[in-house]
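Q: Would you be able to build a 3D model of this:
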Amino acid sequence: MAAKFQTRSVSLPTRSHPTTIKIHEELTRLRASDPSSASSSSAICNSLSTLRDVYDSLDELLAMASTREALSRCRCVAEEELFLNGSVKLMDTCEIAKDVIARLRESVAALQSAIRRRRKGDSSLESSVSDYIRLRGKTRKDARKLIAQLKQQMGNHNLKLRAADHDDDELFGEVLESVECCFKEIEGGVEGVFRRLIKSRASLLNILSQ
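A: Numbers count the residues shown, from 1 in each chain. Model prediction:
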């Protein structure tokens, strides 16, 4: 009698799994947030904190044996390369964002130092203000470039991964949706922080010019 072989179906954890439920809930919170129009920096920080939670949950998902088996079986080299290259570009974009914010913080520190020196009779405040105005123009240009890069990445990640069954398709969609939310979150967060920093610095300059 011919030997009978049973083929075992390997798929990702279903949407009823606690980890996938948690990812869905965190993504829902991200979709409900709008950092570009948030009224305070704390709202932006809360959204970014939720984004970190999404990636923590994704790490849990990727650590599962069933997930690793499913991803190993359902390979698509072109989509994998696109995803990995996009991740590298996202990290580069984050570095640009951190550099922009660091330079703005340095300019604030320079203005604060100039104010303290002026109280002691130093007249270098005008020079510090001029330096800040030049830096503001450059950082605004960098911020526009940053946001353009993020929008391009959002477009490049409009993917549909091949999966074994409907549950896999839905879960892969959740993963890609989390990446898209990441791009939107960083775009809105960086733009919102940049706008608030510029507004605060402009208010400070108005006070100093009086």
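Q: doesn't Leu61 make contact with Thr67?
A: Yes: taking contacts as CB atoms under 8 Å, Thr67 lies within contact range of Leu61: 5.6 Å. Quick note: C-beta positions are derived from backbone N, CA and C, even for glycine.
Q: Report the separation between Ser57 and Thr28.
A: Applying CB to CB, to the nearest Å, the value for Ser57 to Thr28 is 13 Å.
Q: between those two, which one's more packed in?
A: Ser57 (21 against 10; other CB atoms under 10 Å).
Q: The more buried one: what's it in contact with?
A: Ser57 makes contact with Thr19, Lys22, Ile23, Glu26 under the criterion CB atoms under 8 Å, 6 or more residues apart in numbering.
Q: Filter those residues down to just the ones in helices.
A: Thr19, Lys22, Ile23, Glu26 (DSSP state H).
Q: So what's the residue count around the third one?
A: In other words, Ile23. Number of residues near Ile23 (other CB under 10 Å) recorded here: 25.
Q: pLDDT score for it?
A: Residue-level confidence at Ile23 comes out at 80, pLDDT.
Q: Correct me if wrong: it contacts Leu58.
A: Yes: judged on CB under 8 Å, Ile23 makes contact with Leu58 at a distance of 6.7 Å.
Q: Surely Val54 and Ile23 touch.
A: Yes: counting by CB under 8 Å, Val54 does reach Ile23; the two are 6.4 Å apart.
Q: if I look at Thr50, how far off is Thr20?
A: Separation of Thr50 from Thr20 (CB to CB): 17 Å.
Q: whoops, Ile133 was the one
A: From Ile133 across to Thr20, the span is 50 Å (CB to CB).
Q: Settle it for me: which of these two has more neighbours?
A: Set Ile133 next to Thr20 and count neighbours by other CB under 10 Å: Thr20 wins out with 21 against 12.
Q: ok, the more buried one touching Leu61?
A: Yes: the criterion here is CB under 8 Å, and Thr20 meets it with Leu61 at 7.0 Å.
Q: quick one: which helix or strand includes Ser107?
A: In this assignment (DSSP states H and E), Ser107 forms part of helix 77-119.
Q: mean confidence score for that helix?
A: The average pLDDT within helix 77-119 is 69.
Q: Can I get the ones in helices among the contacts of Ser57 in TSV including distance to Val100?
A: Shown next, in TSV, are these (distance: CB to CB, whole Å):
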residue	distance to Val100
Thr19	35
Lys22	33
Ile23	30
Glu26	27
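Q: Most neighbours among these, which one is it?
A: Neighbour counts for the ones in helices among the contacts of Ser57 peak at Ile23, which has 25 neighbours (criterion: other CB under 10 Å).
Q: And the pLDDT for the closest residue to that residue other than its chain neighbours?
A: Nearest residue to Ile23 in three dimensions, chain neighbours excluded: Ser57, at 4.6 Å (CB to CB, 6 or more residues apart in numbering). Per-residue confidence (pLDDT) for Ser57: 80.
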